[in-house]
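Participant: Below are the sequence and a predicted model; questions follow.
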Amino acid sequence: MALTVGLRPLTRALLRPWARVPGAALGRPAAGSGDGVRCFGSPRVLVEPDPAAVGVAVMKMRNPPVNSLSLEFLTELLISLEKLENDKTFRGIIITSDCPGIFSAGLDLLEMYGRDPAHCAEYWKAVQELWLRVYLSNLVVIGAINGISPAGGCLLSLSCDYRVLANNPKYAIGLNETLLGIIAPFWFKDVLVNTIGHRAAERALQLGFLFPPSDALQVGIVDQVVPEDQVQSTARSVMAQWLAIPDHARQLTKNLVRKPTADRLLQQRDADIQNFVRFISRDSIQKSLHVYLEKLKQKKG
Ligand SMILES: CCCCC/C=C\C/C=C\C=C\CC(=O)SCCNC(=O)CCNC(=O)[C@H](O)C(C)(C)COP(=O)(O)OP(=O)(O)OC[C@H]1O[C@@H](n2cnc3c(N)ncnc32)[C@H](O)[C@@H]1OP(=O)(O)O
């Protein structure tokens, strides 16, 4: 799936392949490189083959200050994921953050506030694409959640196969859209229902719950809560457990379980984009976003 088609020239320029040792396919030392495998990525996404786990890549999100999912950041994530999917030396990805204390602040509100319908449509298509790419990935995708993870950040986490959360009370996770005066799209809702069940999801969505780690574990929005300095090692050991399963059987099973949910969006992607553009363009919604952005600024004092 050629994802670079239709990218804005700036974005395409941002994503010039990083200098790599010729012939260094991801995950394999290049001839004569001597120092092992090479990383690749782009300004906001660093992908490093895990030196301790063959076939595993660590994808570090580094869009400071809060890994907000801007269009450029989404594009870089998509292209990095596509590279990994296409490189058969990789069987698993650990997604984590390089922004201290924050996994991802979710969708970038400035991509939706004060923007024209055409931009909102382009942005939403990229949001849909990231979800589909992660949710349906043939790779094992493990979230090493080392920071707070509201809304879109929670969706990214929920789209992984397994979630390890650092036991820091500040690192809450949840679909908090109602607190902003907006609504989680149906496919965000579907993934939450699939993960924590209908009643728990209904309550969490309406109240915009951000679950601290202990509650997140209890409700099932994450699979494991560990001390902060054990998140990456735990993700790695869980990855080894998942990679012990033959890829083809695991991939077919993942598709069996997840395709009905993904199909609900795939069958109506354009309608979903139009719904989003209509909804986000409402004066009342733009006002809500303005109020929320102002609160974020006032918070800084
Ligand atoms: C009927 C049909 C319906 C169809 C569907 C319709 C609609 C769906 C629409 C949207 C769905 C949205 C899902 C989302 O993801 S919305 C985003 C939700 N995110 C949040 O609520 C998090 C907001 N941020 C925070 O709470 C804090 O920033 C955080 C706890 C993450 C970090 O706090 P900290 O104190 O460290 O940092 P801050 O000073 O608050 O922030 C630094 C800097 O970053 C800006 N910023 C923070 N979050 C965002 C964001 N999500 N987008 C853009 N910018 C963000 C913040 O304003 C500061 O900026 P500046 O003042 O330094 O310029």
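Facilitator: Nice, thanks for sending it over.
Participant: For the stretch 51-200 of the chain, list the residues in contact with the ligand, please.
Facilitator: 65-66, 68, 102, 105-110, 148, 150-152, 176-177, 180, 182-183, 185 (C-beta under 6 Å from any ligand atom). Where C-beta positions appear, they are placed from N, C-alpha and C, glycine not excepted.
Participant: Which members of these occur in strands, if any?
Facilitator: Within those, residues falling in strands by DSSP state E are Ile102, Ile148, Pro150.
Participant: Now tabulate those residues in CSV and tack on distance to Trp124.
Facilitator: Shown next, in CSV, are these (distance: C-beta to C-beta, whole Å):
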residue, distance to Trp124
Ile102, 23
Ile148, 23
Pro150, 18
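Participant: will you turn the residues you listed into CSV that also has distance to Leu132, pLDDT and neighbour count?
Facilitator: Listed next are these as CSV, based on distance: C-beta to C-beta, whole Å; pLDDT from 0 to 100; neighbours: other C-beta atoms under 10 Å:
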residue, distance to Leu132, pLDDT, neighbour count
Ile102, 24, 98, 23
Ile148, 24, 98, 25
Pro150, 21, 98, 24
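Participant: Just want the residue of the stretch 1-150 of the chain that's nearest the ligand.
Facilitator: Residue nearest to the ligand within the stretch 1-150 of the chain (C-beta to the nearest ligand atom): Gly106, separated by 2.6 Å.
Participant: okay, now that residue: neighbour count?
Facilitator: 23 (other C-beta atoms under 10 Å).
Participant: quick one: it from Gly92, how far?
Facilitator: As judged by C-beta to C-beta, to the nearest Å, Gly106 and Gly92 stand 25 Å apart.
Participant: now do Thr195
Facilitator: Relative to Gly92, and taking C-beta to C-beta, Thr195 is found at 20 Å.
Participant: Please enumerate the strands of this structure.
Facilitator: 40-42, 45-49, 56-61, 92-97, 101-102, 140-145, 147-150, 162-166, 173-174, 224-226.
Participant: Now do the same for the last one: mean pLDDT, whole number.
Facilitator: For strand 224-226, the mean pLDDT works out to 98.
Participant: Tell me the neighbouring strands of it, and mark each as parallel or antiparallel.
Facilitator: Sheet partners assigned to strand 224-226 using DSSP bridges are listed as strand 162-166 (parallel).
Participant: which residues sit against the strand it pairs with?
Facilitator: 140, 142-147, 149, 157, 171, 173, 213, 216-217, 221-228, 231, 234-235, 238, 242 (C-beta atoms under 8 Å, 6 or more residues apart in numbering).
Participant: Got a PyMOL select line for the buried ones in these?
Facilitator: Restricted to buried positions by 16 or more other C-beta atoms under 10 Å, the PyMOL selection for the contacts of strand 162-166 reads:
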select buried, resi 140+142+143+144+145+146+147+149+157+171+173+213+216+217+221+222+223+224+225+226+231+234+235+238+242
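Participant: Could you work out the end-to-end span of stretch 270-290 for me?
Facilitator: Taking C-alpha to C-alpha, to the nearest Å, the first and last residues of stretch 270-290 lie 27 Å apart.
Participant: ugh, typo on my part, it should be stretch 173-180
Facilitator: End-to-end for stretch 173-180, by C-alpha to C-alpha: 15 Å.
Participant: and for it, what are the contacting residues?
Facilitator: Contacts of stretch 173-180 (C-beta under 8 Å, 6+ apart): 103, 109, 145, 148-151, 153-155, 157, 165, 183-184, 188-189, 192, 204-211, 213, 216, 221-222, 288-289, 292.
Participant: Might one say that Ala262 is in contact with Ser137?
Facilitator: No. With contact defined as C-beta atoms under 8 Å, Ala262 and Ser137 do not form a contacting pair (11.0 Å).
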